[in-house]
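In: My questions concern the predicted model and sequence given below.
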Amino acid sequence: MTTVHTSSIKSLPLLARGKVRDNYTVGDDRILMVASDRLSAFDVIMGEPIPGKGEILTQMALWWFDRLGHICPNHLTGDAPESAVQPDEVAQVTGRSMLVKRLKPIPVEAVVRGYLAGSGWKEYQENRAVCGVPLPEGLTNASKLPLPIFTPAAKAAAGEHDENISYDRVVEIVGPALAQQIRETSIQLYETAAEIALGQGMIIADTKFEFGLDEAGTLVLMDEVLTPDSSRYWPVEGYEEALRTGANPPSYDKQFVRDWLEATKINGKPWDKTPPAPRLPADVIQKTAAKYREALERLTG
């Protein structure tokens, strides 16, 4: 298995490097998305790759695209990523890439929450609402919500934090009809996925979807979908205990890295969450890689 921190495909023009994905232009209608083994925490990219992460994310996304196509079309072309690169570049793309349709991206992160966690829990404590969606009294950290809620965010520039926005703001950005379609589709995708995951002993607390429009104006699911990078996965074991005590449930994501970074001191002071990130120790890298692997294996059985 080739570990890839930063891909280098010389035969194609680089379109963009995100926190995890390197996107290359293929002709005028396709994009090669390469999932690297980079890990970002607190919006800072770590210097050390997490071995196998890009392949795991890609396999999970493809597994989900396969099961959600009846709800919303996705951006996969069905073409082999290896067909877009030179022979000496194949090792960089095998198992970690998708050759996808080039779409007009919608500048809204479609976040759906089924449980109260993270920034949603913080916001609820302040005003009993999340992104302007009012919620009942008496919920606690990790509570299941009466119904899943759509809590969109505006896509931020690289290095900035995505910003939670109201549904009304989505209407301003894309218009009422498309806003409603995005909200309804996102909630349906989440509810379907949450039910499938629960059957495998995993709770999807929240997730974010990204959409684009094709040349006919059809809404298309794009980017990655339902991976531990874009979703909060909790194993069912330990959930009830966490709910009872008000703790964060154990999770399948980069929580190991976050916890280690929060506890790390540089020159006697906590890390200020700006680049460069502290060097990750080998055991934190291994534990994080194992968590991602376990998420894939558990989900796909």
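Out: Nice, thanks for sending it over.

In: Strands along the stretch 151-300 of the chain, start to end?
Out: With DSSP state E, counting those that start in this stretch as the criterion, the stretch 151-300 of the chain has strands at 153-154, 163-164, 202-213, 219-222, 231-235, 265-266, 269-270.

In: now the first one, how far from the centre of its chain.
Out: Relative to its parent chain, strand 153-154 has a centroid offset of 14 Å by C-alpha atoms, centre = their mean, to the nearest Å.

In: Could you do the last one as well?
Out: Distance of strand 269-270 from the chain centroid (C-alpha atoms, centre = their mean) equals 28 Å.

In: now Gly246: how far from Leu219?
Out: Per C-beta to C-beta, to the nearest Å, Gly246 is found 39 Å from Leu219. (Each C-beta comes from the backbone N, C-alpha and C, glycine too.)

In: again with Gln286
Out: 40 Å.

In: same check, this time on Leu213
Out: Counting by C-beta to C-beta - Leu213 and Leu219 are separated by 7 Å.

In: got it, and Thr207?
Out: 17 Å.

In: got it, and Thr25?
Out: 23 Å.

In: Same check on Val93?
Out: Val93 is 28 Å from Leu219, by C-beta to C-beta.

In: Looking at those two, which has the bigger crowd around it?
Out: Under the neighbour definition other C-beta atoms under 10 Å, Val93 and Leu219 were set side by side, and Val93 has more, 28 against 17.

In: Wait, the more buried one touches Leu32, no?
Out: Yes: the pair Val93 / Leu32 is scored as a contact, 7.0 Å apart, by C-beta atoms under 8 Å.

In: if I look at these two, which residues touch both of them?
Out: Ile9, Pro81, Ala84, Val85 (C-beta atoms under 8 Å, 6 or more residues apart in numbering).

In: And stretch 225-240, what's buried?
Out: By neighbour count on 16 or more other C-beta atoms under 10 Å, the buried set for stretch 225-240 is Val225, Leu226, Thr227, Pro228, Asp229, Ser230, Ser231, Arg232, Tyr233, Trp234, Pro235, Tyr239.

In: List the residues that contact the first one.
Out: Contacts were defined as C-beta under 8 Å, 6+ apart; by that measure Val225 touches Ala61, Trp64, Phe65, Leu68, Asn74, Leu189, Phe209.

In: Can you list phi and psi of it for me?
Out: phi -140, psi 130 (degrees, to the nearest 10).

In: Generate a markdown table for the buried residues of stretch 225-240, with distance to Ile165 and pLDDT as supplementary columns.
Out: Listed next are the buried residues of stretch 225-240 as a markdown table, based on distance: C-beta to C-beta, whole Å; pLDDT from 0 to 100:
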| residue | distance to Ile165 | pLDDT |
| --- | --- | --- |
| Val225 | 21 | 97 |
| Leu226 | 22 | 97 |
| Thr227 | 23 | 96 |
| Pro228 | 24 | 92 |
| Asp229 | 21 | 90 |
| Ser230 | 18 | 92 |
| Ser231 | 20 | 94 |
| Arg232 | 20 | 94 |
| Tyr233 | 25 | 95 |
| Trp234 | 26 | 96 |
| Pro235 | 31 | 96 |
| Tyr239 | 29 | 97 |
